[in-house]
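In: Quick one, fold the following:
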Amino acid sequence: MSSTRTKDVQVFPVADNTRVLRSRTWDRLKFEIEYALKKGTTANSYLIEGDKTALIDIPGESFSDIFLAALSQRIDPQTIDYLILGHINPNRASTLKKLLNIAPQIEVVCSNPGAVSLKNILEEIPFKTMVIKGEDSLDLGNGHNLEFILTPNPRYPDLLCTYDPKTQILYTDKLFGMHVCGDRVFDEGWTIDNDDRRYYFDCLIAPHARQIETALDKIAEKPAKVYGVGHGCLVKYSVKELTTYYREWLKTQNTREIRTALIYASAYGNTATIAQAIAKGITKAGVAVESINAEFSDPDTIKTAVEKANGVIMGSPTLGGHAPTQIQTALGIVLNNTNKTKLAGVFGSYGWSGEAIDILESKFRNAGYSFGFEPIRVKFKPTDEILKTCEEAGTDFAQGLKKSLRVRQPKLAKGTSGTDRTEQALGRIVGSLCIVTTKQEELSGAMLASWVSQATFNPPGLTVAVAKERAIESLLHVGNKFVLNILQEGKHISLMKQFLKPFAPGEDRFVGVATEEAENGCPILTEALAYLECRIDQRMECGDHWLLYAVAEKGKLLQSEGVTALHHRKSGSHY
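Out: Down below sits the predicted model:
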C-alpha cells in the first residue's frame, strides 16, 4: 500500500459543523520510539465552523503543503478566527509559519508554556495569542462554547485538551492516540487496535503516570462521546473501555515498589526522545519511572521525587559548553538529597562537544555513585539503533535496581509450602531449547527460549513466551518476523552460552556465530538442528511475559540424525 499511497489528507465530517482533516502517511515519519512499529500514522486536525471558526491542531512539517492545500479547498484560511494548539513543538513550526503567512488574522489559543514556546518558534513573525491559564472557555457561536482543560506532563508541559459540549467531542491531542495509518476514521472493531494503543501508552504515557492520572480526573468531568485524538482513529466505540484501560495501566505504574527518578531538560527535543527510550526500557522491566522535565518543575517536586526513588538518571543537552541552569540546579538537589547507594545514570545529546554529559558523569562519580549503565552520548538526532540501545540501557538499569534491592527470604523445607509444591510441579514441564532471532533494518536481536510449543496444525503455528524485560521484546510485535532456531542435543552448549551471557546495550549478539539470512531477512543459526521462519499473528499480555502466536511460513531440518535439546527445570518460579 505504501508504494502507491505515501501521503494524503482525508477530510471527513464527524459532528455538527465539525470536520477532521487526517494528514496520513503509510511510511514512518521520523526517529521516535513511539513510531517503532512502523505502521505509519495520522496527524489529526479538526475544523469547527460556528459563527466563528476554529482550527484545532496542525500537523508537522512533512505534511505542511498537502495539509494547507486540503484546508484551503474546504475553507478560506483568512476566515479562520482561532487556531487551538494542544501542544507545540519545533516540528509543527513550518506548518504554523506557512499558515500565519496566509492567514495573519488567526489568534493562537494555547497554554502558558505553549505561549513561551511559540515566541521561540515564530521568532520575528507577528501573531496574536489567547493564553489559557485555567478552565477557560471560548464561544464560537451556534452552540459551540469550547471549554479548555490544562493537562501538562513532563514530556508535554504545554498539553491542552479542548471540549465541545454541543458535540461532546473531547479533543485530547496526545492522550488515547496510536501511530497507525488506515482508512478508518472511527474505531470500528477497536479490539484490533489494542496492541498499538498499549504500545503508544508504554512509550509516551507510562513515564508520566502521576500527571496523566491527574489529567484523567480532570477530563472525567466532561461527558465525552468521542475522543478527538491527535494520532490514529477517533475514539467513539471504545471511549469507556479505553479510559478503563488507561486507568488500569496507570495504576500498575503508580503502585510499583521500585522507582526511578528520570530528570532531564531538552533544547531541541532530542534529549527528551532519549529520555523516552530509557523510560520505556525501565517500565517494561517492571520498575516505575517518575519523569521530570527540569525546565518546568520546581525544586520541591524534584526533591520529593529523588527522595522516593531507588535510582536517579539525569539527562542534559549541551548549550554553549554547559548544562542548562535548570539541570545544574536539579543536580545540586539530587546530590544533596539522595543516598550514595542509589544507582545513577547519565545521558544527553549535543551538537558539537557534549560537555554537559561529562559534567554530570564526573559529579556523580566523584560523589561515589554507582552507574546502572555507561553514560549515553548522542550527537544530533538519535537513530533507531541508538534508541534501541537507550531502551536496553533502561532495562539494564531496572534490573540493576532489582538486584541491589532484592531481599532473599528464607526458604521453607521442600514440600512444606503449597506454593513450593506447585512450583516444583510446574517446573517439570519440559521445553525445547531454541534461539529466537530477528532483524528489522539495522536492528537485530536474539534470545534463548525454552517456553516454546506447537499450537496449531492448520495453519502450522506455535507459541513463544517472551519476558517483558527481554531486549528483543520490542522487535516482536504483531506482523513482525523471526526465525526459531531449534537446538540439537549434544551440540547446543556453545550456542546456549553465547545467548545466555549478558550483553551490553547495543552489543551485537551474533559476533562469532555462524549465520545465514533467511528469506524473511532474519538470521538462521547454521549449527541448529532445524529452523522455522515465522510471522507473529497474535500477541497476548500474560503476567510478566508476552505470549506470541506465530505462523510458521517456512522451515528446514538442518541435521537429519539429531534430536531436540530439552530444558529440565526443578522450579516453576524461574528459568
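
In: okay, now the domains of this structure?
Out: 9-252, 257-404, 421-567 (automatic domain parsing).

In: buried ones in stretch 232-249?
Out: 232-239, 242-243, 245-246, 249 (16 or more other Cβ atoms under 10 Å). Heads up, the C-betas are built off the backbone N, CA and C, glycines and all.

In: Same list, the domains of the chain, but as a markdown table with mean pLDDT and distance to Tyr575 please.
Out: Shown next, in a markdown table, are those (pLDDT from 0 to 100; distance: least, Cβ to Cβ, whole Å):
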| stretch | mean pLDDT | distance to Tyr575 |
| --- | --- | --- |
| domain 9-252 | 93 | 23 |
| domain 257-404 | 93 | 14 |
| domain 421-567 | 94 | 7 |
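
In: Run the chain-centre distance for the longest helix that the chain contains.
Out: The longest helix of the chain (DSSP state H) is helix 384-405. Relative to its chain's centre, helix 384-405 lies at 14 Å (Cα atoms, centre = their mean, to the nearest Å).

In: That one: which residues count as buried?
Out: 384, 386-401.

In: isn't Pro324 right next to Gly315, touching?
Out: No - applying Cβ atoms under 8 Å, one finds Pro324 not in contact with Gly315, separated by 11.0 Å.

In: Mind checking which of those two has more residues around it?
Out: Gly315 (30 against 21; other Cβ atoms under 10 Å).

In: Mind checking what secondary structure the more buried one has?
Out: Of the three states, Gly315 takes strand according to DSSP: H, G, I helix; E, B strand; the rest coil.

In: Arg210 versus the spatially most central residue of the chain, what's the distance?
Out: Centroid check for the chain by Cα atoms, centre = their mean gives Cys203 as the closest residue, at 1.4 Å. Distance of Cys203 to Arg210, given as Cβ to Cβ, to the nearest Å: 17 Å.

In: Please apply the same query to Tyr549.
Out: 35 Å.

In: Leu83 now?
Out: Computed as Cβ to Cβ, the Leu83 to Arg210 distance reads 30 Å.

In: surely Leu532 meets Leu558?
Out: No - using Cβ under 8 Å, Leu532 makes no contact with Leu558, being 11.4 Å away.

In: Just want to know which of these two has more residues nearby.
Out: More crowded of Leu532 and Leu558, by other Cβ under 10 Å: Leu532, with 22 against 17.

In: ok, the more buried one - contacts?
Out: Residues near Leu532 by Cβ atoms under 8 Å, 6 or more residues apart in numbering: 462, 483-484, 486, 552, 554-555.

In: Is it possible to mark the buried ones in these?
Out: By 16+ other Cβ under 10 Å, the contacts of Leu532 give 462, 483-484, 486, 552, 555 as buried.

In: Could you export those as a markdown table, including secondary structure?
Out: Converted to a markdown table, those look like this (three-state DSSP):
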| residue | secondary structure |
| --- | --- |
| Leu462 | strand |
| Val483 | strand |
| Leu484 | strand |
| Ile486 | strand |
| Ala552 | strand |
| Gly555 | strand |
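
In: Would you confirm that the residue nearest to the centre of the chain contacts Lys280?
Out: Yes - here Cys203 reaches Lys280: they are 5.5 Å apart, a contact under Cβ under 8 Å.

In: between the two, what contacts are shared?
Out: Shared contacts of Cys203 and Lys280, counting by Cβ under 8 Å, 6+ apart, come down to Ile33.

In: hang on, the earlier thing: right, so the domains of the chain: which one is the most enclosed?
Out: domain 257-404 (a mean of 21; mean count of other Cβ atoms under 10 Å).

In: mind checking how far the residue lying closest to Lys38 once chain neighbours are set aside is from Tyr171?
Out: In this structure, Lys38 finds its nearest non-sequential neighbour in Arg28, 4.8 Å apart by Cβ to Cβ, 6 or more residues apart in numbering. Separation of Arg28 from Tyr171 (Cβ to Cβ) stands at 25 Å.

In: any idea of the pLDDT on Thr419?
Out: Here, the pLDDT recorded for Thr419 equals 62.

In: re earlier: can you pull the contacts of the residue nearest to the centre of the chain?
Out: With Cβ under 8 Å, 6+ apart as the criterion, the residues that contact Cys203 are 33-34, 36, 276, 280.

In: on that earlier part again, so for Pro324 and Gly315, which residues contact both of them?
Out: Residues touching both Pro324 and Gly315 (Cβ under 8 Å, 6+ apart): Ala265.

In: If Asp173 is in a bridge, with which residues?
Out: For Asp173, the beta-bridge partners are Val229 (DSSP bridges).

In: how about Glu241, secondary structure?
Out: helix.

In: Spatially nearest residue to it (excluding sequence neighbours)?
Out: Trp190 (7.4 Å).

In: What's the separation between that neighbour and Met178?
Out: 11 Å.

In: next one: Thr437
Out: Look at Thr437 and Met178: by Cβ to Cβ, they are 28 Å apart.

In: can the contacts of Leu532 go into JSON lines with extra columns for distance to Lys52?
Out: Below are the contacts of Leu532 laid out as JSON lines (distance: Cβ to Cβ, whole Å):
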{"residue": "Leu462", "distance to Lys52": "59"}
{"residue": "Val483", "distance to Lys52": "59"}
{"residue": "Leu484", "distance to Lys52": "60"}
{"residue": "Ile486", "distance to Lys52": "67"}
{"residue": "Ala552", "distance to Lys52": "59"}
{"residue": "Lys554", "distance to Lys52": "60"}
{"residue": "Gly555", "distance to Lys52": "64"}
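
In: Among those, which one sits closest to Thr329?
Out: Val483 (50.2 Å; Cβ to Cβ).

In: Leaving out the residues flanking it, which one is nearest to the closest one?
Out: Cys522 (4.3 Å).

In: got it, and Ala93?
Out: Nearest non-adjacent residue to Ala93, counting by Cβ to Cβ, 6+ apart: Ile121, 4.6 Å away.

In: can you tell me the helix or strand for that neighbour?
Out: Element membership for Ile121 (DSSP states H and E) is helix 112-122.

In: can you pull out the strands in the stretch 351-500 of the chain?
Out: Under the criterion DSSP state E, counting those that start in this stretch, the stretch 351-500 of the chain contains strands at 370-371, 376-379, 431-432, 434-440, 443-449, 452-456, 461-467, 481-486.
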